[in-house]
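> after the sequence you'll find the predicted model.
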There are 2 protein chains.
Amino acid sequence: MGPSAPVAQPKHGVTVVFVELPNTKIELLEPLGTDSPIAVFLEKNPSGGMHHICYEVDDILAARDHLVQSGARVLGSGDPKIGAHGKPVLFLHPKDFFGTLIELEQV
Amino acid sequence: MGPSAPVAQPKHGVTVVFVELPNTKIELLEPLGTDSPIAVFLEKNPSGGMHHICYEVDDILAARDHLVQSGARVLGSGDPKIGAHGKPVLFLHPKDFFGTLIELEQV
């Protein structure tokens, strides 16, 4: 289970490499283009670091509504977008999760 | 699978809560005492954030030696200590892993 070849994802402003482990997946991110969404993160963390964690969910709308009812804020429009894996994703506000950017992905 | 009750771990300078998920475990850390090993992290990240990621390994000495041969640095003495779960653990230098503090735990 070696790393994947790098894949440029211009829509997401990143080039990614995936490392598949038995029960998790590591996503290595490199900025792509001049307005990459990870550019600010790298300015704040010049050595790199953990950008976000992704939880897989069965029903992303149900998970979103449950979290919003608990007081969490969804980033952007609040509607899922198609993420790097071709599946619906949402991001949650880091300030509502102890400083950690959280992604939900419907699998 | 709710969160565990908080457990004070004076030897490690933290109070921990575990959240068990089907294929991962979230460890929430709160500083304990005046020289907690996570105090500096919270100074740099006042809102909190992801402190480290832990990979489970079958043989921690073999994993360590493999990583050291690849150029990674082990923190501290280089010998495993007993971690918060009562199992042998090691930490690896964040600068050798794109800014991410990595723990190995023998399971």
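Yep, that arrived.
> now do the end-to-end distance for stretch A:4-15.
Its start and end residues considered, stretch A:4-15 measures 12 Å (CA to CA, to the nearest Å).
> in it, what counts as buried?
Residues of stretch A:4-15 classed as buried: A:12-15 (neighbour count, 16 or more other CB atoms under 10 Å in any protein chain shown). Quick note: C-beta positions are derived from backbone N, CA and C, even for glycine.
> likewise for stretch A:85-104?
Neighbour-count burial for stretch A:85-104 flags A:88-92, A:94, A:96-97, A:100-104 (criterion: 16+ other CB under 10 Å).
> dump the buried residues of stretch A:4-15 into a markdown table; add secondary structure, distance to B:Ala62 and pLDDT as well.
Shown next, in a markdown table, are those (DSSP: H, G, I helix; E, B strand; the rest coil; distance: CB to CB, whole Å; pLDDT from 0 to 100):
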| residue | secondary structure | distance to B:Ala62 | pLDDT |
| --- | --- | --- | --- |
| A:His12 | coil | 37 | 88 |
| A:Gly13 | coil | 39 | 93 |
| A:Val14 | strand | 34 | 94 |
| A:Thr15 | strand | 32 | 96 |
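> nearest to A:Pro80, of the buried residues of stretch A:85-104?
A:Pro88 (3.7 Å; CB to CB).
> next, that closest one: phi, psi?
The phi/psi pair for A:Pro88 (degrees, to the nearest 10) reads phi -70, psi 130.
> that one bridge partners, please.
A:Ile82 (DSSP bridges).
> and what of A:Ile26?
A:Val19.
> I'd say it and A:Ser4 touch.
No - at 10.4 Å, A:Ile26 does not count as touching A:Ser4 under the criterion of CB atoms under 8 Å.
> mutual contacts of the two, please.
Taking CB atoms under 8 Å, 6 or more residues apart in numbering or on different chains as the criterion, A:Ile26 and A:Ser4 both touch A:18-19.
> so which bits of the lengthiest helix in chain A are buried?
Taking DSSP state H as the criterion, chain A has its longest helix at helix A:60-69. For helix A:60-69, burial by neighbour count (16+ other CB under 10 Å) applies to A:60, A:63-64, A:67.
> out of those, who's nearest chain B?
Taking CB to the nearest CB as the measure, chain B lies nearest A:Ala63 of those, at 13.1 Å.
> list the contacts of the closest residue to the closest one other than its chain neighbours.
Sequence neighbours aside, A:Val57 is the residue nearest to A:Ala63 in space, at 4.2 Å (criterion: CB to CB, 6 or more residues apart in numbering or on different chains). Taking CB under 8 Å, 6+ apart, we find A:Val57 in contact with A:63, A:104-107.
> how about a cut-off of 6 Å?
Residues counted as contacts of A:Val57 (CB atoms under 6 Å, 6 or more residues apart in numbering or on different chains) are A:63, A:104, A:106.
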